[in-house]
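1. Starting from these lines, generate the structure:
(chains A, B, C and D, ligands or ions: 2)
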Number of protein chains: 2
Amino acid sequence: MSLIFSRQCEYALQAVLYLALKPHNEMTSIKELTRRLDIPYHFLAKILQDLTRKGLLSSLKGPTGGFALGMPAKDITLFHIVEAIDGVDFMHSCVMGFPECTGKNPCAVHEKWAGLRDGIYTMLVSKNIAEMAKNMRKPEYQSA
Amino acid sequence: MSLIFSRQCEYALQAVLYLALKPHNEMTSIKELTRRLDIPYHFLAKILQDLTRKGLLSSLKGPTGGFALGMPAKDITLFHIVEAIDGVDFMHSCVMGFPECTGKNPCAVHEKWAGLRDGIYTMLVSKNIAEMAKNMRKPEYQSA
DNA sequence: GAATATTCGGATATTTTAGTCTTAATATAA
DNA sequence: TTATATTAAGACTAAAATATCCGAATATTC
Ligand code: FES
Ligand code: FES
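-> Numbers count the residues shown, from 1 in each chain, chains lettered A, B, ... in the order given. Ligands and ions are numbered 1, 2, ... in the order given. The predicted model follows:
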(Lines give C-alpha, C1' and ligand atoms only; values in the text may rest on other atoms or scores of the structure.)
(Ligands and ions follow the chains in the order given, each with its own letter.)
Protein backbone atom coordinates (compact mmCIF):
# COMPACT_ATOMS: atom_id res chain seq x y z
CA MET A 1 0.00 0.00 0.00
CA SER A 2 1.25 3.43 -0.88
CA LEU A 3 0.61 5.99 1.83
CA ILE A 4 -1.20 9.27 1.29
CA PHE A 5 -0.06 9.60 -2.33
CA SER A 6 -0.81 7.23 -5.18
CA ARG A 7 2.00 5.41 -6.90
CA GLN A 8 1.60 7.71 -9.88
CA CYS A 9 2.01 10.70 -7.65
CA GLU A 10 5.09 9.27 -5.96
CA TYR A 11 6.68 8.71 -9.37
CA ALA A 12 5.74 12.24 -10.42
CA LEU A 13 7.41 13.71 -7.33
CA GLN A 14 10.55 11.69 -7.93
CA ALA A 15 10.74 12.60 -11.61
CA VAL A 16 10.07 16.30 -11.25
CA LEU A 17 12.68 16.60 -8.51
CA TYR A 18 15.13 14.90 -10.83
CA LEU A 19 14.37 17.41 -13.56
CA ALA A 20 14.80 20.24 -11.06
CA LEU A 21 18.47 19.33 -10.74
CA LYS A 22 19.06 19.75 -14.47
CA PRO A 23 20.32 22.95 -16.05
CA HIS A 24 17.57 25.17 -17.34
CA ASN A 25 16.20 24.12 -20.75
CA GLU A 26 18.14 20.88 -20.88
CA MET A 27 15.85 18.10 -22.02
CA THR A 28 15.83 14.79 -20.19
CA SER A 29 14.46 11.65 -21.83
CA ILE A 30 12.08 9.17 -20.28
CA LYS A 31 14.80 6.62 -20.80
CA GLU A 32 17.22 8.44 -18.54
CA LEU A 33 14.55 9.00 -15.92
CA THR A 34 13.41 5.39 -15.80
CA ARG A 35 16.98 4.17 -15.73
CA ARG A 36 17.92 6.40 -12.83
CA LEU A 37 14.71 6.20 -10.86
CA ASP A 38 13.63 2.63 -11.64
CA ILE A 39 10.13 3.50 -12.74
CA PRO A 40 8.25 1.48 -15.41
CA TYR A 41 8.91 3.18 -18.74
CA HIS A 42 5.47 3.48 -20.24
CA PHE A 43 3.86 4.27 -16.95
CA LEU A 44 6.20 7.17 -16.39
CA ALA A 45 5.61 8.30 -19.97
CA LYS A 46 1.93 8.65 -19.20
CA ILE A 47 2.57 10.59 -16.04
CA LEU A 48 4.97 12.99 -17.71
CA GLN A 49 2.51 13.58 -20.55
CA ASP A 50 -0.10 14.37 -17.95
CA LEU A 51 2.15 16.84 -16.16
CA THR A 52 3.01 18.41 -19.50
CA ARG A 53 -0.65 18.93 -20.40
CA LYS A 54 -1.06 20.61 -17.04
CA GLY A 55 1.84 22.97 -17.69
CA LEU A 56 4.21 21.76 -15.00
CA LEU A 57 6.53 20.30 -17.61
CA SER A 58 7.45 21.10 -21.18
CA SER A 59 8.33 18.46 -23.75
CA LEU A 60 10.06 18.14 -27.07
CA LYS A 61 9.94 15.28 -29.55
CA GLY A 62 12.71 13.82 -31.62
CA PRO A 63 16.38 13.14 -30.86
CA THR A 64 17.65 15.54 -28.18
CA GLY A 65 14.01 15.69 -27.12
CA GLY A 66 12.65 14.92 -23.68
CA PHE A 67 11.12 16.74 -20.75
CA ALA A 68 12.02 19.79 -18.71
CA LEU A 69 10.31 21.95 -16.13
CA GLY A 70 7.51 24.01 -17.60
CA MET A 71 8.21 26.98 -15.34
CA PRO A 72 11.00 28.21 -13.09
CA ALA A 73 11.88 25.70 -10.37
CA LYS A 74 11.48 28.38 -7.72
CA ASP A 75 7.79 28.68 -8.63
CA ILE A 76 7.01 24.97 -8.18
CA THR A 77 6.39 23.16 -4.92
CA LEU A 78 5.69 19.52 -4.21
CA PHE A 79 2.15 20.57 -3.51
CA HIS A 80 1.67 21.64 -7.13
CA ILE A 81 2.65 18.17 -8.25
CA VAL A 82 0.37 16.43 -5.79
CA GLU A 83 -2.43 18.76 -6.79
CA ALA A 84 -1.95 17.89 -10.46
CA ILE A 85 -1.88 14.12 -10.02
CA ASP A 86 -3.89 13.11 -6.95
CA GLY A 87 -5.84 16.25 -6.21
CA VAL A 88 -6.16 17.80 -2.80
CA ASP A 89 -9.05 15.86 -1.26
CA PHE A 90 -6.67 14.61 1.40
CA MET A 91 -6.54 18.14 2.78
CA HIS A 92 -10.14 17.97 3.94
CA SER A 93 -10.82 14.28 4.38
CA CYS A 94 -11.36 12.36 7.59
CA VAL A 95 -8.51 10.02 8.38
CA MET A 96 -11.00 7.50 9.77
CA GLY A 97 -13.01 7.58 6.55
CA PHE A 98 -16.10 9.42 7.75
CA PRO A 99 -17.93 11.32 5.02
CA GLU A 100 -17.46 14.71 6.68
CA CYS A 101 -14.37 16.19 8.26
CA THR A 102 -15.16 19.38 10.12
CA GLY A 103 -14.76 20.76 13.60
CA LYS A 104 -18.55 20.66 13.81
CA ASN A 105 -18.85 16.88 14.08
CA PRO A 106 -15.29 15.77 14.66
CA CYS A 107 -14.26 12.15 14.86
CA ALA A 108 -12.15 10.94 17.77
CA VAL A 109 -8.85 12.00 16.22
CA HIS A 110 -9.95 15.05 14.27
CA GLU A 111 -8.02 17.60 16.29
CA LYS A 112 -4.80 15.66 16.12
CA TRP A 113 -5.24 14.85 12.49
CA ALA A 114 -6.05 18.42 11.51
CA GLY A 115 -2.73 19.43 13.01
CA LEU A 116 -0.81 16.69 11.27
CA ARG A 117 -2.50 17.50 8.00
CA ASP A 118 -1.36 21.09 8.30
CA GLY A 119 2.10 19.70 8.91
CA ILE A 120 1.88 17.68 5.71
CA TYR A 121 0.75 20.76 3.83
CA THR A 122 3.64 22.75 5.23
CA MET A 123 6.01 19.96 4.28
CA LEU A 124 4.78 20.22 0.69
CA VAL A 125 4.84 24.00 0.30
CA SER A 126 7.64 25.22 2.56
CA LYS A 127 10.36 24.91 -0.09
CA ASN A 128 10.40 25.09 -3.87
CA ILE A 129 11.55 22.07 -5.83
CA ALA A 130 15.00 23.54 -6.48
CA GLU A 131 15.73 23.59 -2.75
CA MET A 132 14.00 20.26 -2.28
CA ALA A 133 16.05 18.58 -4.98
CA LYS A 134 19.27 19.80 -3.39
CA ASN A 135 18.25 18.13 -0.16
CA MET A 136 17.88 14.71 -1.77
CA ARG A 137 20.47 12.38 -0.35
CA LYS A 138 19.44 9.52 -2.58
CA PRO A 139 22.07 7.99 -4.86
CA GLU A 140 19.60 8.21 -7.73
CA TYR A 141 20.09 11.97 -7.69
CA GLN A 142 23.84 12.24 -7.44
CA SER A 143 25.43 13.95 -10.44
CA ALA A 144 22.15 14.03 -12.25
CA MET B 1 -8.61 7.72 -2.73
CA SER B 2 -8.47 6.80 0.91
CA LEU B 3 -5.57 8.36 2.76
CA ILE B 4 -3.01 6.43 4.77
CA PHE B 5 -5.47 3.68 5.70
CA SER B 6 -7.29 1.38 3.31
CA ARG B 7 -11.03 1.50 3.10
CA GLN B 8 -11.19 -1.80 4.96
CA CYS B 9 -9.14 -0.32 7.73
CA GLU B 10 -11.29 2.79 7.95
CA TYR B 11 -14.38 0.61 8.26
CA ALA B 12 -12.67 -1.48 10.93
CA LEU B 13 -11.82 1.61 12.96
CA GLN B 14 -15.37 2.89 12.72
CA ALA B 15 -16.91 -0.44 13.65
CA VAL B 16 -14.65 -1.24 16.58
CA LEU B 17 -15.19 2.21 18.06
CA TYR B 18 -18.91 1.61 17.76
CA LEU B 19 -18.58 -1.66 19.65
CA ALA B 20 -16.49 0.09 22.28
CA LEU B 21 -19.53 2.14 23.24
CA LYS B 22 -21.61 -0.95 23.93
CA PRO B 23 -21.98 -2.52 27.38
CA HIS B 24 -19.56 -5.31 28.01
CA ASN B 25 -20.61 -8.64 26.48
CA GLU B 26 -23.53 -7.23 24.59
CA MET B 27 -23.51 -8.59 21.07
CA THR B 28 -24.03 -6.28 18.11
CA SER B 29 -25.12 -7.62 14.75
CA ILE B 30 -23.59 -6.71 11.41
CA LYS B 31 -27.03 -5.45 10.49
CA GLU B 32 -26.99 -2.83 13.20
CA LEU B 33 -23.45 -1.78 12.39
CA THR B 34 -24.06 -1.37 8.68
CA ARG B 35 -27.28 0.49 9.31
CA ARG B 36 -25.65 2.94 11.68
CA LEU B 37 -22.32 3.32 9.93
CA ASP B 38 -23.40 2.95 6.31
CA ILE B 39 -20.86 0.29 5.42
CA PRO B 40 -21.58 -2.41 2.78
CA TYR B 41 -22.98 -5.42 4.63
CA HIS B 42 -20.93 -8.27 3.22
CA PHE B 43 -17.76 -6.26 3.14
CA LEU B 44 -18.07 -5.40 6.79
CA ALA B 45 -18.88 -9.04 7.55
CA LYS B 46 -15.53 -10.00 6.06
CA ILE B 47 -13.66 -7.40 8.03
CA LEU B 48 -15.27 -8.38 11.32
CA GLN B 49 -14.50 -12.05 10.70
CA ASP B 50 -10.92 -11.05 10.11
CA LEU B 51 -10.73 -9.06 13.32
CA THR B 52 -12.33 -11.96 15.16
CA ARG B 53 -9.74 -14.43 13.88
CA LYS B 54 -7.10 -12.05 15.13
CA GLY B 55 -8.63 -11.88 18.57
CA LEU B 56 -9.65 -8.24 18.61
CA LEU B 57 -13.33 -9.20 18.49
CA SER B 58 -15.40 -12.12 19.68
CA SER B 59 -18.43 -13.42 17.82
CA LEU B 60 -21.50 -15.52 18.41
CA LYS B 61 -23.79 -17.12 15.84
CA GLY B 62 -27.55 -17.44 15.91
CA PRO B 63 -30.26 -15.05 17.03
CA THR B 64 -28.95 -12.67 19.71
CA GLY B 65 -25.57 -13.32 18.08
CA GLY B 66 -23.20 -10.74 16.76
CA PHE B 67 -19.85 -9.22 17.60
CA ALA B 68 -18.26 -7.70 20.68
CA LEU B 69 -14.79 -6.65 21.72
CA GLY B 70 -12.48 -9.58 22.22
CA MET B 71 -10.65 -7.95 25.10
CA PRO B 72 -11.18 -5.04 27.49
CA ALA B 73 -11.62 -1.74 25.66
CA LYS B 74 -8.89 -0.18 27.76
CA ASP B 75 -6.39 -2.63 26.29
CA ILE B 76 -7.13 -1.75 22.65
CA THR B 77 -5.84 1.23 20.71
CA LEU B 78 -6.53 2.34 17.17
CA PHE B 79 -3.04 1.19 16.37
CA HIS B 80 -3.96 -2.41 17.16
CA ILE B 81 -6.73 -2.21 14.59
CA VAL B 82 -4.55 -0.66 11.92
CA GLU B 83 -1.90 -3.24 12.64
CA ALA B 84 -4.41 -6.06 12.19
CA ILE B 85 -5.86 -4.82 8.91
CA ASP B 86 -3.27 -2.80 7.00
CA GLY B 87 -0.10 -3.68 8.81
CA VAL B 88 2.47 -1.17 9.94
CA ASP B 89 4.56 -0.64 6.81
CA PHE B 90 3.49 2.99 6.79
CA MET B 91 5.58 3.49 9.92
CA HIS B 92 8.80 2.98 8.00
CA SER B 93 7.94 3.88 4.41
CA CYS B 94 9.08 6.87 2.41
CA VAL B 95 6.26 9.29 1.71
CA MET B 96 7.76 9.97 -1.72
CA GLY B 97 7.78 6.27 -2.55
CA PHE B 98 11.51 5.59 -2.47
CA PRO B 99 12.43 2.02 -1.62
CA GLU B 100 14.31 2.93 1.55
CA CYS B 101 13.36 5.31 4.31
CA THR B 102 16.23 5.91 6.68
CA GLY B 103 18.18 8.83 8.00
CA LYS B 104 21.13 7.41 6.08
CA ASN B 105 19.86 8.34 2.62
CA PRO B 106 16.96 10.64 3.37
CA CYS B 107 14.70 12.04 0.67
CA ALA B 108 13.98 15.75 0.59
CA VAL B 109 11.17 15.58 3.14
CA HIS B 110 12.37 12.73 5.31
CA GLU B 111 12.99 14.78 8.45
CA LYS B 112 9.61 16.45 8.30
CA TRP B 113 7.83 13.25 7.46
CA ALA B 114 9.53 11.27 10.20
CA GLY B 115 8.17 13.79 12.68
CA LEU B 116 4.69 13.70 11.24
CA ARG B 117 4.73 9.93 11.19
CA ASP B 118 5.56 9.91 14.88
CA GLY B 119 2.63 12.22 15.33
CA ILE B 120 0.37 9.76 13.54
CA TYR B 121 1.65 6.97 15.72
CA THR B 122 0.98 9.02 18.83
CA MET B 123 -2.48 9.80 17.56
CA LEU B 124 -3.17 6.08 17.26
CA VAL B 125 -1.78 4.94 20.60
CA SER B 126 -2.33 7.86 22.96
CA LYS B 127 -5.80 6.77 24.06
CA ASN B 128 -7.59 3.45 24.30
CA ILE B 129 -10.72 2.90 22.24
CA ALA B 130 -13.04 3.48 25.20
CA GLU B 131 -11.77 7.05 25.52
CA MET B 132 -11.63 7.43 21.76
CA ALA B 133 -15.22 6.33 21.33
CA LYS B 134 -16.39 8.83 23.92
CA ASN B 135 -14.76 11.60 21.92
CA MET B 136 -16.71 10.78 18.78
CA ARG B 137 -19.01 13.66 17.95
CA LYS B 138 -20.53 11.87 14.99
CA PRO B 139 -24.30 11.36 14.96
CA GLU B 140 -23.71 7.73 14.00
CA TYR B 141 -22.46 7.12 17.52
CA GLN B 142 -25.09 8.89 19.57
CA SER B 143 -27.03 6.57 21.87
CA ALA B 144 -25.34 3.58 20.36
C1' DG C 1 -37.60 -30.94 16.55
C1' DA C 2 -38.63 -27.00 13.33
C1' DA C 3 -38.16 -22.34 12.14
C1' DT C 4 -35.32 -18.52 12.29
C1' DA C 5 -31.51 -15.37 12.80
C1' DT C 6 -27.18 -14.92 12.81
C1' DT C 7 -21.90 -15.69 11.68
C1' DC C 8 -18.46 -18.45 8.61
C1' DG C 9 -16.06 -19.50 4.46
C1' DG C 10 -15.19 -19.40 0.02
C1' DA C 11 -16.26 -18.21 -4.67
C1' DT C 12 -17.29 -14.63 -7.71
C1' DA C 13 -17.96 -10.00 -9.52
C1' DT C 14 -16.86 -5.11 -10.01
C1' DT C 15 -14.03 -1.11 -9.83
C1' DT C 16 -9.82 1.19 -9.49
C1' DT C 17 -5.03 1.46 -9.99
C1' DA C 18 -0.92 0.03 -12.12
C1' DG C 19 1.47 -1.25 -16.02
C1' DT C 20 2.11 -2.56 -21.19
C1' DC C 21 1.84 -2.32 -26.14
C1' DT C 22 1.30 -0.36 -30.59
C1' DT C 23 0.94 3.15 -33.87
C1' DA C 24 1.32 7.94 -35.06
C1' DA C 25 3.48 12.46 -34.89
C1' DT C 26 7.57 15.16 -34.79
C1' DA C 27 12.20 16.78 -34.51
C1' DT C 28 17.14 15.93 -35.53
C1' DA C 29 20.96 14.62 -38.13
C1' DA C 30 23.27 12.27 -41.70
C1' DT D 1 15.27 13.07 -48.14
C1' DT D 2 15.85 9.24 -45.34
C1' DA D 3 16.85 7.06 -41.04
C1' DT D 4 16.42 7.52 -36.28
C1' DA D 5 15.20 8.95 -31.70
C1' DT D 6 12.13 10.76 -29.22
C1' DT D 7 7.17 12.14 -27.22
C1' DA D 8 1.76 11.59 -27.94
C1' DA D 9 -2.28 9.09 -27.66
C1' DG D 10 -5.12 5.59 -26.90
C1' DA D 11 -6.20 0.74 -26.52
C1' DC D 12 -5.22 -3.03 -23.94
C1' DT D 13 -3.84 -6.14 -19.94
C1' DA D 14 -2.76 -7.25 -15.11
C1' DA D 15 -3.15 -6.78 -10.41
C1' DA D 16 -5.13 -5.13 -6.35
C1' DA D 17 -8.85 -3.32 -3.75
C1' DT D 18 -13.60 -3.23 -3.01
C1' DA D 19 -17.91 -5.38 -2.92
C1' DT D 20 -21.41 -9.20 -3.55
C1' DC D 21 -23.42 -13.78 -3.37
C1' DC D 22 -24.48 -18.27 -1.70
C1' DG D 23 -24.51 -22.32 0.95
C1' DA D 24 -23.03 -24.19 5.40
C1' DA D 25 -22.67 -24.02 10.38
C1' DT D 26 -24.58 -22.73 14.70
C1' DA D 27 -27.27 -20.80 18.33
C1' DT D 28 -31.91 -19.39 19.89
C1' DT D 29 -36.70 -19.60 20.30
C1' DC D 30 -40.98 -21.62 19.74
S1 FES E 1 -13.56 14.17 11.22
FE2 FES E 1 -12.08 12.61 11.27
S3 FES E 1 -10.27 13.68 10.82
FE4 FES E 1 -11.75 15.26 10.72
S1 FES F 1 13.28 8.66 2.89
FE2 FES F 1 11.52 9.70 2.22
S3 FES F 1 10.37 9.84 4.06
FE4 FES F 1 12.14 8.78 4.72
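
2. By proximity to ligand 2, which residue of chain A wins?
-> Chain A approaches ligand 2 most closely through A:Lys138 (7.7 Å), counting by C-beta to the nearest ligand atom. (Each C-beta comes from the backbone N, C-alpha and C, glycine too.)

3. ok, that residue - how many residues close by?
-> A count of nearby residues for A:Lys138, using other C-beta atoms under 10 Å in any protein chain shown, gives 21.

4. List the contacts of it.
-> Each residue near A:Lys138 by C-beta atoms under 8 Å, 6 or more residues apart in numbering or on different chains is listed here: B:Phe98, B:Asn105, B:Cys107.

5. for the helix ranked longest in chain A, which positions count as buried?
-> Across chain A, the longest stretch assigned as helix under DSSP state H is helix A:110-125. The neighbour-count check on helix A:110-125 (16 or more other C-beta atoms under 10 Å in any protein chain shown) flags A:His110, A:Lys112, A:Trp113, A:Ala114, A:Leu116, A:Arg117, A:Gly119, A:Ile120, A:Met123, A:Leu124 as buried.

6. same check, this time on stretch A:130-144
-> Buried, per 16+ other C-beta under 10 Å, within stretch A:130-144: A:Ala130, A:Met132, A:Ala133, A:Met136, A:Lys138, A:Glu140, A:Tyr141, A:Ala144.

7. Reformat those as CSV; add pLDDT and secondary structure.
-> CSV is the format used below for the buried residues of stretch A:130-144 (pLDDT from 0 to 100; DSSP: H, G, I helix; E, B strand; the rest coil):
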residue, pLDDT, secondary structure
A:Ala130, 97, helix
A:Met132, 97, helix
A:Ala133, 97, helix
A:Met136, 95, coil
A:Lys138, 95, coil
A:Glu140, 93, helix
A:Tyr141, 94, helix
A:Ala144, 60, coil
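
8. could I get these as a markdown table with distance to B:Phe43?
-> Output for those, formatted as a markdown table (distance: C-beta to C-beta, whole Å):
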| residue | distance to B:Phe43 |
| --- | --- |
| A:Ala130 | 45 |
| A:Met132 | 39 |
| A:Ala133 | 42 |
| A:Met136 | 40 |
| A:Lys138 | 39 |
| A:Glu140 | 39 |
| A:Tyr141 | 42 |
| A:Ala144 | 45 |
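
9. So is stretch A:25-40 next to ligand 2?
-> No. Applying C-beta under 6 Å from any ligand atom, one finds stretch A:25-40 out of contact with ligand 2, separated by at least 13.7 Å.

10. before we move on, back to that, what's the closest of the buried residues of helix A:110-125 to B:Thr64?
-> A:His110 (34.8 Å; C-beta to C-beta).
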